[in-house]
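Student: using only what follows, build the 3D model:
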Amino acid sequence: MSFKRGRYSGFIRPILYIVDISLLILFVFYFHPGRATSPYFGPFLITGWVFSSFFTRYYKVYRFTSPIKIISLAVKQYIIYSLIYFSYFGFSRTILDIKSVIYFLSVLFSCMLFMKFLMYWILKRYRLSGGNRRKTVIIGSNESTKVLETFFLSKPIYGYNYVGCFTNNNSEGKLGSFNDFFDFIDGQDIDDIYCSISEFSEVEIQKLVTYANTHFKTLKFIPDSNQMLSSGFEVDYYDYFPVLTMQELALNKNINRLLKRAFDIVFSLIVIIGVLSWLTPLLYVLLKLESNASVFYIKDRNGLDYKKFKCYKFRTLKPGNTDENHVSLNDERVTRIGRFLRKTSIDELPQFINVLKGEMSVVGPRPHMLAYNKAYSKQVDNVQLMARHRILPGITGLAQVRGFRGAIEKNTDIIGRVKLDLFYIKNWSILLDIKIISNTIFSLFKGDDKAY
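Tutor: Numbering: from 1, shown residues only. All right, here's what the predicted structure looks like:
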């Protein structure tokens, strides 16, 4: 499940978390040997560190972040965490040695700040040697874009590989017009797109936003000096130059992908061991008695990045029949046992094997049959349809719990399904996954008119 090909910067933040917490534990053992074995003291300090760093945005440091900004974040973290540290002794009614406390906090933060700047320096040296670079393009040409272009070209230490600009103006050195950009970027490993707001129409901006969303590119806007900064964007500063950034996709972050994958593995193991281990042999016997058919139905589906994989289901159709055509109500191809399996969605349970293999996720866009994908491309924008395949397909999904499961009977069915799938990709959270799973389980007991 990878949006940023070849990127590993997302691991820097977790590494810093681990280093800082390790230093915290080390100093607790050194400065508070009597409390190091307490079941409350260490966990309290670690939890306090994680929560305080979240609110101070202590780890929100990027390649363009200035050293002054890093020090400012560290001071905020120092103040808030010191209050958390003192609160423990207040609750436990312990008399403090002020000198040792100040010494502990000062040494702790000095070491953490040193490690932060060490990582900061190592990354800058590495980028100067050509590593960890981001390919960028600018769309538009005016005074504001020239300032950003100068920043990219004059400061290689930040690791930006500036490719060029696209504009409808008669600008020297441009790579092409606004429309030429879309032909150029296909096949190019461009990471960041910077666009001047004032130069293009609302229709052109919307076209660019749609492209960035469906191709999971980072899109940032360059405001003119007389424009108000929209509250719908985050404002970053490259030196003193403001850039508006669209909200980053949650699943672009390595920690979120790791969290989702860990959840998938644990959940699939529970189902495989707790349910499939006894249900599969039972269904094998029942299916053999009714139709002498194999227990599994295996068919190719398009998965991550449109790659094919073998999707598992319990067989529900009579031998010799396939589901090339959607199964309809009272379909004669469905066996008696198969009708029950489809009504309860038990036929989908073997897909937890696909989840464990890393071919699917518990929650995500439902995988379509190969032939259906080609047919649906005539009913909905093909770019948006392909965007569904930028994450692992799921056993259940937001579209399914919102009424867009089963057969596609009219254009609005596939349009609604794709829109909800893209909404899920852009707004993923582990709580959203849990909510979708809960709604799916509720639907199994309640029943679904489209389950047949």
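Student: low-scoring stretches of the stretch 151-300 of the chain, by residue?
Tutor: Counting by pLDDT under 70, the stretch 151-300 of the chain contains low-confidence ranges at 224-249.
Student: what's around the nearest residue to residue 51 once chain neighbours are set aside, how many residues?
Tutor: Counting by C-beta to C-beta, 6 or more residues apart in numbering, residue 84 is the residue found nearest to residue 51 once chain neighbours are left out, at 7.9 Å. In short, each C-beta sits where N, CA and C put it, glycine included. Other residues near residue 84 number 15, with proximity taken as other C-beta atoms under 10 Å.
Student: regarding this structure, what is its longest helix?
Tutor: With DSSP state H applied, the helix covering the greatest number of residues in the chain is identified as helix 98-128.
Student: quick one: buried residues of that one?
Tutor: Neighbour counts over helix 98-128 (16 or more other C-beta atoms under 10 Å) mark 101, 104-105, 108-109, 111-113, 115-116, 120, 123, 127 as buried.
Student: same check, this time on stretch 398-406
Tutor: So for stretch 398-406, counting by 16+ other C-beta under 10 Å, buried means 398-401, 404-406.
Student: can I get the CA coordinates of that stretch in CSV?
Tutor: Extracted in CSV, the C-alpha atoms of stretch 398-406 (Å, rounded to 0.1, in the frame of the first residue of the first chain):
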residue,chain,number,x,y,z
LEU,A,398,-17.7,2.4,3.1
ALA,A,399,-19.6,2.1,-0.1
GLN,A,400,-21.0,-1.3,0.9
VAL,A,401,-22.3,-0.1,4.3
ARG,A,402,-23.8,2.9,2.6
GLY,A,403,-26.0,0.9,0.3
PHE,A,404,-23.8,0.5,-2.8
ARG,A,405,-23.1,-3.2,-2.7
GLY,A,406,-24.1,-5.9,-5.1
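Student: let me know the average pLDDT across that stretch.
Tutor: Mean per-residue pLDDT for stretch 398-406: 82.
Student: state the distance from residue 413 to residue 395.
Tutor: Distance check for residue 413 against residue 395: by C-beta to C-beta, to the nearest Å, it reads 20 Å.
Student: these two: which is more packed in?
Tutor: Neighbour count, other C-beta under 10 Å: between residue 413 and residue 395, residue 395 has more, with 26 against 20.
Student: and the residue nearest to that one when sequence neighbours are not counted, its phi and psi?
Tutor: The spatially closest residue to residue 395, leaving aside those adjacent along the chain, is residue 351, at 4.9 Å (C-beta to C-beta, 6+ apart). The phi and psi values for residue 351, taken as degrees, to the nearest 10, are phi -70, psi -10.
Student: try the one 10 residues further on
Tutor: When quoted as degrees, to the nearest 10, the phi and psi of residue 361 stand at phi -120, psi 160.
Student: for it, which non-adjacent residue is spatially closest?
Tutor: The spatially closest residue to residue 361, leaving aside those adjacent along the chain, is residue 392, at 4.1 Å (C-beta to C-beta, 6+ apart).
Student: what's the burial count for that neighbour?
Tutor: As a burial measure, the neighbour count of residue 392 was computed by other C-beta under 10 Å and equals 26.
Student: checking it next. Helix, strand or coil?
Tutor: Classification of residue 392 into helix, strand or coil gives coil, according to DSSP: H, G, I helix; E, B strand; the rest coil.
Student: quick one: residues contacting it.
Tutor: Applying C-beta atoms under 8 Å, 6 or more residues apart in numbering to residue 392 gives the contacts 1, 303-304, 358-361, 364.
Student: by neighbour count, which of these wins?
Tutor: The most neighbours, when the contacts of residue 392 are compared by other C-beta under 10 Å, belong to residue 364, which has 29 neighbours.
Student: mind listing residues that contact the strand or helix carrying residue 284?
Tutor: Assessed by DSSP states H and E, residue 284 sits inside helix 277-291. Around helix 277-291, the neighbours that count as contacts under C-beta under 8 Å, 6+ apart are 293-295, 314-315, 318-319, 335-337, 341, 346, 349-350.
Student: following element in sequence after it, please.
Tutor: Downstream of helix 277-291 (by DSSP H and E), the next one is strand 296-302.
Student: what helix or strand is the residue nearest to residue 51 on?
Tutor: Assigned by DSSP H and E, residue 84 falls in helix 67-92.
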